[in-house]
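S.K.: Predicted model and sequence below, questions to follow.
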Amino acid sequence: MSKRILTTFMIVFTLFLYAPTLLLPIFAFNDSSIIAFPLSGFTFEWFYSLTEADELRGAALNSLIIAAASSVLATCLALLATSATVRYKFPGKGLMIGVIMVPMFLPEIIIGVSLLTVVLLAGLKLSIYTIIMGHTLICTPFAIAILRSSFQQLDPSLEEASLDLGETRFDTFRRITLPLIMPGVTSSLLIAFTISLDEFVIAFFLSGTEPTLPVYIWSQLRFPQRIPSVMALGTLLLLLSIGLLTLSEVLRRRSVRRLGQHDTSGAW
Amino acid sequence: MRQMQLDPDARRGLSLISIPFAFSILLLAAPLMILLAMSVWTQDFLTLDRTPTLDNFVEAWTDPIYRTLMLRSLKISIIVTLVTVCLAYPAAYYMSFVAPNNRKALLIFLITIPFWTSYLMRIFLWKVILGFNGVINGSLMGLGLIDQPLDFILYNQLAVVVTLSHAWLPFAVLPIFVVMEKVNRAYLEAAQDLGDTPFWRFIRITLPLSMPGVVAATLIVFVPTIGDYVTPKLVGGPSGLMIANMIEVQFKNANNAPLGAALALSALLLVTSVAGIFVWLNRRYLTSEGAA
């Protein structure tokens, strides 16, 4: 009895989660500049209009640079933090990892305004570098969460064997550890990339004259006639995110298989 | 006293973590300190007066506008947290206890996908759904259930609550699910063998053992939502604006960064105190070791 209620609940729950997202492609192909039902016809016009928006290209390029840089930085920082916490005991471990994980729980606006204050006081100019710093900060905890499970599944005796056979620590990491946790690393890169690509508030506070994609979208939302194009852009971004996430999930499963563990917990 | 001479492993661990830790200090702790310094200064147009004063905090806590926004933000994030956790709990329960093992990874994937789709777009789509010519009004009028669009469903606090709850649902499901997965199934069988009904089995075993997940979900949703900027701005209307919108105004348009800093820190203080009380109230669940 309760099983049937729960199953029904789960179906409704999932539909509710997806409902707004499903509207995106519907209106992206709708032949009307007003976003409302009933639909009037099918068109590719809004997708064509994207190819003519120069500002959009600039914003997309900025976003790609920022996402690439911050995902690499965040993953490197997370590799250092995770290899320290999974392998070694040392004083202050809990506190240090706690501080590193804080951005996951902090309102983004706090991170945005505190970095903005530093930039203002130091007389620096807002640029994509300030955004990269902010995004690296918020992506690192997610990268750590992903890498931690990779490291925990890794058999430490493999590393020990390599050290006993005379490899240096660095070469052991390069030749043993890294190849074995590579799927986790890739997954962390992809997730961090997706987070950075989508992040708005920090980018909104820290972007100067070079907007990121979400900042550009935000500026477009004020103009009703631009909304259908934004819907088309949103549809493309949706496909990109799903693609990146599917890739990351496939890699994660492959890593679980390679390390011979049972798959129970998903990416978390 | 413990000897402070560190063994090589500890030293190696410390040297590895020092870089990400230094990064966090440099980009998180230090900027927060500078934000604190900023909040006790005053700004007159473009000149910054660095005499320490608590005036900004007094203004932030006594001016009716800021107080209203602050309390409204707190109220909205409490309601959003309640709604989110209450909806996420049965979903996580289904995923952990009802769904077959080989479906779990797929379900998690399904739940997380909407979370990764553009945040801005998701919020904006709620405006499309709830709007004057939106999906709900259009459908209801199409069905002949109403003659005129309902105008009370957008641009108010209810719209903010619905939109924010939707946006944070996946985030609440995951921590509860992870903790439920660790609940030792043998306890449930034992209770059943000893004659407990499913209801009491849930109340006495599953619920208390899954509380750490509920606490984690609560914190993950509650703390960030108080500072949400996009949702109130897009679907809140004047009556649904929250403190983050005012912080932005102070930093950008009003050119009063010190007051903005005081408001930001006050909001952070408020939300961490409430979260702290909540964790303290639930401390007995967090130390339990039943989830073996």
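M.R.: Received it, and whenever you're ready, just let me know what you need. Note that the structure is predicted; figures quoted are calculated from it, not measured. Numbering: from 1, shown residues only, chains lettered A, B, ... in the order given.

S.K.: Tell me where the chain is predicted with low confidence.
M.R.: In the absence of a named chain, chain A is used. Low-confidence segments of chain A, defined by pLDDT under 70, span residues A:1, A:255-256, A:258-268.

S.K.: actually it's chain B I care about, not the one you picked
M.R.: Across chain B, the stretches falling below the confidence threshold (pLDDT under 70) are B:1-4, B:45, B:116, B:287-292.

S.K.: most residues in a single helix of it, which one?
M.R.: Ranked by residue count under DSSP state H, the longest helix found in chain B is helix B:64-93.

S.K.: so who does residue 200 touch?
M.R.: Chain wasn't specified; assuming chain A. Applying C-beta atoms under 8 Å, 6 or more residues apart in numbering or on different chains to residue A:200 gives the contacts A:214-215, A:218, B:119-120, B:230. Glycine gets a C-beta too; all of them are placed from N, C-alpha and C.

S.K.: Wait, chain B was what I had in mind.
M.R.: Counting by C-beta under 8 Å, 6+ apart, residue B:200 makes contact with residue B:191.

S.K.: Which strand or helix spans it?
M.R.: For residue B:200, the host element (DSSP states H and E) is helix B:198-201.

S.K.: circling back: next SSE downstream of the longest helix of chain B?
M.R.: On the C-terminal side of helix B:64-93, the closest following helix or strand by DSSP H and E is helix B:104-116.

S.K.: what angle sits between the helix or strand following that following helix and helix B:104-116?
M.R.: Taking DSSP H and E as the definition, the helix or strand that follows helix B:104-116 towards the C-terminus is helix B:119-130. Relative orientation of helix B:119-130 and helix B:104-116, computed by axes from the mean of the first three to the mean of the last three C-alpha atoms, to 10 degrees: 80 degrees.

S.K.: Please list the outside residues in contact with helix B:119-130.
M.R.: Residues from elsewhere that reach helix B:119-130 (C-beta under 8 Å, 6+ apart): A:19-21, A:23-24, A:27, A:35-36, A:198-200, A:214, A:217-218, A:221, A:230, A:234, A:237-238, B:114, B:134-136, B:153-154, B:159, B:162-163, B:166-167, B:230-231, B:234-235.

S.K.: Pull out the buried residues from those.
M.R.: Neighbour counting over the contacts of helix B:119-130 (16 or more other C-beta atoms under 10 Å in any protein chain shown) leaves A:20-21, A:23-24, A:27, A:35-36, A:198-200, A:214, A:217-218, A:221, A:230, A:234, A:237-238, B:114, B:134-136, B:153-154, B:159, B:162-163, B:166-167, B:230-231, B:234-235 as the buried ones.

S.K.: These in helices, which ones?
M.R.: Using DSSP H, the subset of the buried ones among the contacts of helix B:119-130 located in helices is A:20-21, A:23-24, A:27, A:198, A:214, A:217-218, A:230, A:234, A:237-238, B:114, B:135-136, B:159, B:162-163, B:166-167, B:230-231.

S.K.: re the thing from before, is there proximity between the longest helix of chain B and chain A?
M.R.: Yes - part of helix B:64-93 sits close enough to chain A to count as contact by C-beta under 8 Å from any C-beta of the partner chain, namely B:87, B:90-91, B:93.

S.K.: Just give me the closest of those residues to residue A:251.
M.R.: Set against residue A:251, the nearest of these by C-beta to C-beta is residue B:91 (25.9 Å).

S.K.: how deep is the closest residue to residue B:257 other than its chain neighbours tucked in, by neighbour count?
M.R.: Nearest residue to residue B:257, sequence neighbours excluded (C-beta to C-beta, 6 or more residues apart in numbering or on different chains): residue B:251, at 5.4 Å. Using other C-beta atoms under 10 Å in any protein chain shown, residue B:251 is surrounded by 24 other residues.

S.K.: Hmm, residue A:116 and residue B:251 touching each other?
M.R.: Yes - taking C-beta atoms under 8 Å as the contact criterion, residue B:251 and residue A:116 are neighbours in contact, 6.4 Å apart.

S.K.: quick one: common contacting residues for these two?
M.R.: Both residue B:251 and residue A:116 are contacted by residue A:205, under the criterion C-beta under 8 Å, 6+ apart.

S.K.: which residue is nearest the middle of chain A?
M.R.: Central residue of chain A (C-alpha atoms, centre = their mean): residue A:195, 2.4 Å from the mean position.

S.K.: Give the other helices and strands that the helix or strand hosting that one contacts.
M.R.: With elements delineated by DSSP H and E, residue A:195 resides in helix A:178-198, which encompasses its position. For helix A:178-198, the contact count by 3 or more C-beta pairs under 8 Å, 6 or more residues apart in numbering or on different chains; DSSP states H and E identifies helix A:54-87, helix A:128-153, helix A:227-258 as packing neighbours.

S.K.: tilt between it and helix B:119-130?
M.R.: With the same axes, to 10 degrees applied, the angle from helix A:178-198 to helix B:119-130 works out at 50 degrees.

S.K.: can you give me how far helix A:178-198 is from the chain middle?
M.R.: Between the mean C-alpha location of helix A:178-198 and the chain-wide mean there is a distance of 9 Å, by C-alpha atoms, centre = their mean, to the nearest Å.

S.K.: give the contact list for the most centrally placed residue in chain B.
M.R.: To find the centre residue of chain B, average its C-alpha atoms and take the closest one (C-alpha atoms, centre = their mean): that gives residue B:221, at 2.2 Å. Applying C-beta under 8 Å, 6+ apart, we find residue B:221 in contact with B:77, B:80-81, B:84-85, B:168, B:171-172.

S.K.: Okay, it and chain A: tell me how far apart.
M.R.: Taken as C-beta to the nearest C-beta, to the nearest Å, the spacing of residue B:221 relative to chain A amounts to 10 Å.

S.K.: Which strand or helix spans the closest residue to residue A:83 other than its chain neighbours?
M.R.: Closest residue to residue A:83 in three dimensions, ignoring its sequence neighbours and counting by C-beta to C-beta, 6+ apart: residue B:16, at 5.7 Å. Residue B:16 is located in helix B:8-24, with elements delineated by DSSP H and E.

S.K.: The helix or strand that that helix is followed by packs against which elements?
M.R.: Towards the C-terminus, the helix or strand next in line after helix B:8-24, according to DSSP H and E, is helix B:30-39. If you count contacts as 3+ C-beta pairs under 8 Å, 6+ apart, helix B:30-39 packs onto helix A:108-121, helix B:257-281.

S.K.: Deepest-packed of the helices and strands packed on helix A:178-198, please.
M.R.: For the helices and strands packed on helix A:178-198, average neighbour numbers computed from mean count of other C-beta atoms under 10 Å in any protein chain shown are highest in helix A:128-153, which has a mean of 23.

S.K.: Can you check what angle separates that helix from helix A:227-258?
M.R.: Using the same axes, to 10 degrees, the direction of helix A:128-153 lies 30 degrees away from that of helix A:227-258.

S.K.: chain center to helix A:128-153: distance?
M.R.: Using C-alpha atoms, centre = their mean, the mean C-alpha position of helix A:128-153 is found 9 Å from that of the whole chain.

S.K.: So what's the gap between the very next helix or strand once past that helix and the chain middle?
M.R.: Beyond helix A:128-153 in the direction of the C-terminus, DSSP H and E gives the next helix or strand as helix A:156-164. Shown here is helix A:156-164, whose average C-alpha point lies 33 Å from the average C-alpha point of the whole chain (C-alpha atoms, centre = their mean).

S.K.: Residues touching helix A:156-164, excluding its own?
M.R.: Applying C-beta under 8 Å, 6+ apart, the contact partners of helix A:156-164 are A:87, A:169, A:171-172, A:175-177, A:180.

S.K.: Looking at the residues you listed, spot the one nearest chain B.
M.R.: Distance to chain B, by C-beta to the nearest C-beta, is smallest for residue A:87 among the contacts of helix A:156-164, at 6.8 Å.

S.K.: Run a quick check on the closest one versus residue B:13, I expect a contact.
M.R.: Yes - look at residue A:87 against residue B:13 with C-beta under 8 Å: they come within range, at 6.8 Å.

S.K.: shared neighbours of those two, which are they?
M.R.: Listed as contacting both residue A:87 and residue B:13 by C-beta under 8 Å, 6+ apart is no residue at all.
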